[in-house]
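S.K.: give me a 3D structure for the following:
(one chain, ligands or ions: 1)
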Amino acid sequence: MAGGGFVDSGGAGRRYDGGVTFFVMFTCVVGATGGLIFGYDIGISGGVTSMDIFLKRFFPSVYRKASAEAVHESAYCKFNSHLLQFFTSSLYLAALVASFFASVITKKFGRKMSMFTGGLTFLIGSILNGFAQNVIMLIIGRIFLGIGVGFCNQSVPVYLSEMAPAQLRGALNIGFQMATTIGILAANLINYGTAKMHGHLGWRLSLGLAAIPAAMVTLGGVILPDSPNSLIDRGQRQEARRILQKIRGTENVDQEFQDLVEASEASKTVDNPWKNIIERKNRPQLIMAILIPSFQQLTGINVIMFYAPVLFKTLGFGDEASLMTAVISGGVNVVATIVSILTVDKAGRRALFLEGGIQMLICQVLTAYFIGKTYGTTGEGAFSKGAANFVVFLICAYVAGFAWSWGPLGWLVPSEIFPLETRPAGQALNVMFNMTFTFIIGQCFLTMLCHMKFGLFLFFSGFVITMTLFIYFFLPETKGVPIEEMYGVWKAHWFWGKFIPDEALGSYAKNIQLTEKA
Ligand code: BGC
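M.R.: Numbering: from 1, shown residues only. Got it, this is the predicted structure:
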């Protein structure tokens, strides 16, 4: 099959002794709370920016445009404001810069140090935002939040992939995405409750409550052990062996420990991971770390996540119904992520990517059709109740498709394909590209909707077709393959194989190659 070069077609890869322990589950659940702050933030801004009292205070010109008096404004352009978009997207700009620095800290001081730093900066940001007196304070607060997100998104997926046993790596890593979706849903629910409050307390609570997940992550950064891979890499072999025994629940970790030491020794020959990452043997991983996060954002998911309440208002729903609808799509996001957790290590990454892509495509095309039919190109018109509900259904089906494919896999795959020496740098690239495109979409969506109208949904569907074909042809299956043996996957691939020299293969992958050749 195209693109389906496997190290082990059974998907099990090399088996080490030991299994899934309570301790590894515990560390992964605590580690995954890093996703909570990311999600909380994604979900909170759309709701807050649809609150009249917040708009009136910080963005009065948008308020005037969106308010009922502005009857002549096209439905597509009601909320078009660069400053409002910058409020949403400034965070992602900060996150993309921060993730570069995070990669250095993650490598030098360990994964948990980056989590701790991320939690703490996010805490400062949430306090600044909760007490904001003017737009400047709001935006500075968001920059702090962004630094927090950059540090956590860079370190948590790597940490989870390293702690997990290979056969459960997908499921445990998706804990990060699970926490992200829970964060989004919690934010949607909080917005729903606070929007009803009188005075400024509502938006202050919405923004300030981000301190709760921030405190959880900070605490996690204190109590968690570092990953054995990182400990070995930083010369703490005794401690690494002890942690490995504890997370695998067995004394006999010799084979896995040996592979980690080998990977670490190989990584010591590399003094500059950023130079190493552009070497030919890392070409497939590099391309994936750039394209997967970019494509993830080009699905258009954040149009829904950031602006769902605004979008539903555009569809003609009232304030309360819009926030409620955002809660419903947020709930679908959480439930569909569970489907991914349950299937990713059995069906594999490719099957989920391909199914999710096709589902999203169908929903986007239908959404464009119905919005176009109602509003045409003038933006004047109104949805019937039935049609509006059907569009909400389509949006939920689209969210589900994303939530079991590109959502979790956009974080999982880049975190598991790099060798130890370039893993933090590779993950930083992943975050940078993710955040760049998140920023662009956050910054441009309302303007794009105003100009491209219903065609915006078709615009994103074009990307969905491209990315689905890309996965089909170019992404090999990585389920069940031990993380330090990943070169073998690329070596066995019809296209990427020629980029990987034999010396790059670990002992296990080499054996597979020899068996295949024989
Ligand atoms: C993406 C976010 C998105 C979220 C939705 C994440 O994987 O990176 O941009 O908002 O999924 O659940």
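S.K.: from now on I want contacts and neighbour counts done on CA atoms only, so please keep to that.
M.R.: Fine.
S.K.: how many neighbours does the residue of the stretch 351-500 of the chain found nearest the ligand have?
M.R.: Ranked by CA to the nearest ligand atom, the top residue of the stretch 351-500 of the chain for proximity to the ligand is residue 407, at 3.7 Å. Residue 407 is flanked by 28 other residues according to other CA atoms under 10 Å.
S.K.: point to the residue nearest the middle of the chain.
M.R.: The residue lying closest to the centre of the chain (CA atoms, centre = their mean) is residue 411, at 5.3 Å.
S.K.: pretty sure that residue contacts residue 158?
M.R.: No: if you go by CA atoms under 8 Å, residue 411 and residue 158 don't touch, sitting 9.2 Å apart.
S.K.: any weak-confidence spans in this protein?
M.R.: 1-15, 66-75, 78-80, 506-518 (pLDDT under 70).
S.K.: one more pass at 50, please.
M.R.: In the predicted model, the chain carries pLDDT under 50 at residues 1-13, 69, 514-518.
S.K.: tell me which parts of it are close to the ligand?
M.R.: 42, 177, 181, 302, 305, 407, 408 (CA under 6 Å from any ligand atom).
S.K.: so which elements touch the one helix or strand the fourth one maps to?
M.R.: To tie it back to what came earlier, the one meant is residue 302. Element membership for residue 302, per DSSP states H and E: helix 301-314. Using 3 or more CA pairs under 8 Å, 6 or more residues apart in numbering; DSSP states H and E, the elements in contact with helix 301-314 are helix 34-48, helix 319-343, helix 385-403, helix 423-452.
S.K.: which helices and strands does the shortest one pack with?
M.R.: To tie it back to what came earlier, the one meant is helix 34-48. With contacts taken as 3+ CA pairs under 8 Å, 6+ apart, helix 34-48 sits against helix 111-130, helix 135-163, helix 169-194, helix 201-208, helix 211-223, helix 301-314.
S.K.: orientation of that helix relative to helix 301-314 in degrees?
M.R.: Using axes from the mean of the first three to the mean of the last three CA atoms, to 10 degrees, the direction of helix 34-48 lies 30 degrees away from that of helix 301-314.
S.K.: you'd agree residue 53 is up against residue 201?
M.R.: No: in this structure residue 53 lies outside contact range of residue 201 using CA under 8 Å: 10.0 Å.
S.K.: neighbour count: those two, which is higher?
M.R.: Between residue 53 and residue 201, counted using other CA under 10 Å, the more crowded position is residue 53 (19 against 12).
S.K.: enumerate every residue touching the more buried one.
M.R.: When contacts are counted by CA atoms under 8 Å, 6 or more residues apart in numbering, residue 53 touches 199, 200.
S.K.: mind checking the SS state of it?
M.R.: At residue 53, secondary structure determined by DSSP: H, G, I helix; E, B strand; the rest coil is helix.
S.K.: so that it lines up with my notes, have the first residue be 10 from now on.
M.R.: Fine by me, first position is 10 from now on; the one you just mentioned is residue 62.
S.K.: what's the next secondary structure element after the host helix or strand of residue 66?
M.R.: Following DSSP H and E, one finds residue 66 within helix 61-67. Using DSSP H and E, the helix or strand that follows helix 61-67 in sequence is helix 69-75.
S.K.: can you pull the buried residues of that following helix?
M.R.: Going by neighbour count (16 or more other CA atoms under 10 Å), the buried part of helix 69-75 is 71, 72, 73, 74, 75.
S.K.: so what secondary structure elements neighbour the helix or strand just after it?
M.R.: Counting by DSSP H and E, the next helix or strand C-terminal to helix 69-75 is helix 91-118. The contact analysis (3+ CA pairs under 8 Å, 6+ apart) places helix 91-118 against helix 120-139, helix 144-172, helix 432-461.
S.K.: from the chain's centroid, how far away is the last one?
M.R.: If I follow you right, that is helix 432-461. Its chain's C-alpha centre and that of helix 432-461 lie 11 Å apart, by CA atoms, centre = their mean, to the nearest Å.
S.K.: buried residues, that helix. List them.
M.R.: 432-459, 461.
S.K.: before we move on, what about the first one?
M.R.: With burial defined by 16+ other CA under 10 Å, the residues of helix 120-139 counted as buried are 120-139.
S.K.: now it against helix 91-118, angle please.
M.R.: Using the same axes, to 10 degrees: helix 120-139 against helix 91-118 is 160 degrees.
S.K.: export the buried residues of helix 69-75 to CSV and tack on distance to residue 96?
M.R.: Below are those laid out as CSV (distance: CA to CA, whole Å):
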residue, distance to residue 96
71, 13
72, 15
73, 18
74, 17
75, 17
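S.K.: quick check, nearest of those residues to residue 103?
M.R.: residue 71 (24.4 Å; CA to CA).
S.K.: how far away is the closest one from residue 317?
M.R.: Per CA to CA, to the nearest Å, residue 71 is found 17 Å from residue 317.
S.K.: residue 211 too?
M.R.: Counting by CA to CA, the separation of residue 211 from residue 317 is 19 Å.
S.K.: go on, residue 309?
M.R.: Counting by CA to CA - residue 309 and residue 317 are separated by 12 Å.
S.K.: what does residue 182 give?
M.R.: Using CA to CA, residue 182 is found at 27 Å from residue 317.
S.K.: alpha carbons only: can I get the helix or strand containing residue 498 in PDB?
M.R.: Following DSSP H and E, one finds residue 498 within helix 496-500. The C-alpha coordinates for helix 496-500 follow below in PDB (Å, rounded to 0.1, in the frame of the first residue of the first chain):
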ATOM      1  CA  TYR A 496      14.600   5.200  11.800                       C
ATOM      2  CA  GLY A 497      13.600   1.700  10.700                       C
ATOM      3  CA  VAL A 498      10.100   3.000   9.800                       C
ATOM      4  CA  TRP A 499      11.500   5.600   7.400                       C
ATOM      5  CA  LYS A 500      14.000   3.200   6.000                       C
END
